[in-house]
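Engineer: Next come a sequence and a model predicted from it.
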Amino acid sequence: MCEHCGCQERKKEIALEKKILAQNEEIAARNRRHFQEKGIKVINLISAPGSGKTTLLEATIEALRDKIPMAVIEGDPETERDAERIRKKGVPVVQVTTGGACHLDALQVHRAFHQLEENHFRLLFIENVGNLLCPSAFDLGEDLRVVLVSVPEGSDKPAKYPASFFRAQVSLITKIDLLPYFDFDLKEVQKLALQINPRLRIIPLSAKTGEGLSLWLKLLEDLASR
Ligand SMILES: Nc1nc2c(ncn2[C@@H]2O[C@H](COP(=O)(O)OP(=O)(O)OP(=O)(O)O)[C@@H](O)[C@H]2O)c(=O)[nH]1
Ligand SMILES: [Mg+2]
């Protein structure tokens with residue numbers, strides 16, 4: 001029966017996945033030690049494509065540039081587009097293109113960090129590849145994992161993608177300026193996210209209007225001062 005149902009193949013796949021994740025954990029632990037030695041706090045931003053990660057980074061850089069030195073690692077399947085947007089803000093940035101892979105891994109972050117190392121910075125943002133599923137299994141050595149869900153995506157996302165919410169410390173509900181135009185239920189999304197992770201800090205905000213942004217900025221200032 002196994003010959004036909006492919007369960008032996010699946011067992012091999014699972015063994016390989018476990019090996020890849022174990023290797024990633026080792027490198028992530030090394031990254032974390034490295035970041036600690038350098039006194040750098042690292043934020044891993046995870047969301048579906050287009051939830052507003054780069055726009056939030058642009059607004060964050062504008063608001064904090066005179067207070068906290070920052071750098072960014074951008075992850076995308078293709079193009080330097082997001083890195084170019086960050087570069088225009090005058091912040092050191094490295095673009096990692098994964099060639100189609102749906103998440104960043106700890107080794108890619110290690111290599112990108114070495115390209116940034118000559119710069120002085122206190123906060124390092126990692127914009128993960130736009131995907132609400134794959135990045136959740138890959139520790140990058142970050143201090144803070146932030147999952148974004150935007151109003152147009154719908155308030156059911158924590159229930160459908162629990163791993164991303166379970167492993168995060170902060171969830172940003174983005175694009176709240178669009179609430180009048182979508183049947184997005186702010187109470188429902190918060191309830192679902194807290195069912196999965198009762199310790200999750202949830203901040204609704206809009207990078208376009210600036211509403212709610214001060215709570216996010218305060219959180220970053222606290223992190224940078226630790
Ligand atoms: N109305 C509104 N639009 C926003 C907001 N933030 C981002 N957008 C828009 O959403 C679109 C996607 O924003 P990005 O910041 O590029 O999203 P992203 O998550 O970086 O996208 P990927 O890197 O491709 O995953 C752009 O058209 C932004 O202008 C917001 O707060 N309000
Ligand atoms: Mg982006």
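Structural biologist: That came through, no problem. Fair warning: this is a prediction, and the values are worked out from it, not measured in the lab. Ligands and ions are numbered 1, 2, ... in the order given.
Engineer: I'd say Thr98 and Leu107 touch.
Structural biologist: No: judged on CB atoms under 8 Å, Thr98 makes no contact with Leu107 at a distance of 11.6 Å. Any C-beta I mention is one placed from the backbone N, CA and C, and that applies to glycine too.
Engineer: any idea which helix is longest in this structure?
Structural biologist: Secondary structure of the chain per DSSP state H: the longest helix is helix 7-38.
Engineer: Summarise which helices and strands it is packed against.
Structural biologist: In terms of contact count using 3 or more CB pairs under 8 Å, 6 or more residues apart in numbering; DSSP states H and E, helix 7-38 is assigned the packing partners strand 41-46, helix 106-116.
Engineer: the inter-axis angle of that helix versus helix 106-116?
Structural biologist: For helix 7-38 against helix 106-116, the angle by axes from the mean of the first three to the mean of the last three CA atoms, to 10 degrees is 30 degrees.
Engineer: and helix 7-38, what's its mean pLDDT?
Structural biologist: The average pLDDT for helix 7-38 rounds to 93.
Engineer: quick one: buried residues of it?
Structural biologist: Of all the residues in helix 7-38, those buried under the rule 16 or more other CB atoms under 10 Å are 24, 27-28, 31-32, 34-35.
Engineer: With distance to Leu215 added, can I get the residues you listed in JSON lines?
Structural biologist: Below are those laid out as JSON lines (distance: CB to CB, whole Å):
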{"residue": "Asn24", "distance to Leu215": "31"}
{"residue": "Ile27", "distance to Leu215": "32"}
{"residue": "Ala28", "distance to Leu215": "28"}
{"residue": "Asn31", "distance to Leu215": "28"}
{"residue": "Arg32", "distance to Leu215": "26"}
{"residue": "His34", "distance to Leu215": "30"}
{"residue": "Phe35", "distance to Leu215": "24"}
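Engineer: Closest one of the residues you listed to Pro135?
Structural biologist: Of all the buried residues of helix 7-38, Asn24 has the smallest distance to Pro135: 11.4 Å, by CB to CB.
Engineer: The closest one touches Ala106, doesn't it?
Structural biologist: Yes: in this structure, Asn24 is within contact of Ala106 by CB under 8 Å, at 5.0 Å.
Engineer: any idea which of the helices and strands packed on helix 7-38 is most buried?
Structural biologist: strand 41-46 (a mean of 25; mean count of other CB atoms under 10 Å).
Engineer: mind saving the C-alpha coords of stretch 66-78 as PDB?
Structural biologist: Output of stretch 66-78 as PDB, limited to C-alpha atoms (Å, rounded to 0.1, in the frame of the first residue of the first chain):
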ATOM      1  CA  ASP A  66      16.900  61.700  14.700                       C
ATOM      2  CA  LYS A  67      16.600  59.500  17.800                       C
ATOM      3  CA  ILE A  68      17.700  56.000  16.900                       C
ATOM      4  CA  PRO A  69      20.200  54.800  14.300                       C
ATOM      5  CA  MET A  70      18.500  52.100  12.200                       C
ATOM      6  CA  ALA A  71      19.200  49.600   9.400                       C
ATOM      7  CA  VAL A  72      17.000  47.300   7.300                       C
ATOM      8  CA  ILE A  73      17.300  43.900   5.600                       C
ATOM      9  CA  GLU A  74      14.700  43.500   2.900                       C
ATOM     10  CA  GLY A  75      13.500  40.100   1.800                       C
ATOM     11  CA  ASP A  76      11.700  39.600  -1.500                       C
ATOM     12  CA  PRO A  77      11.500  36.800  -4.100                       C
ATOM     13  CA  GLU A  78      12.700  39.200  -6.700                       C
END
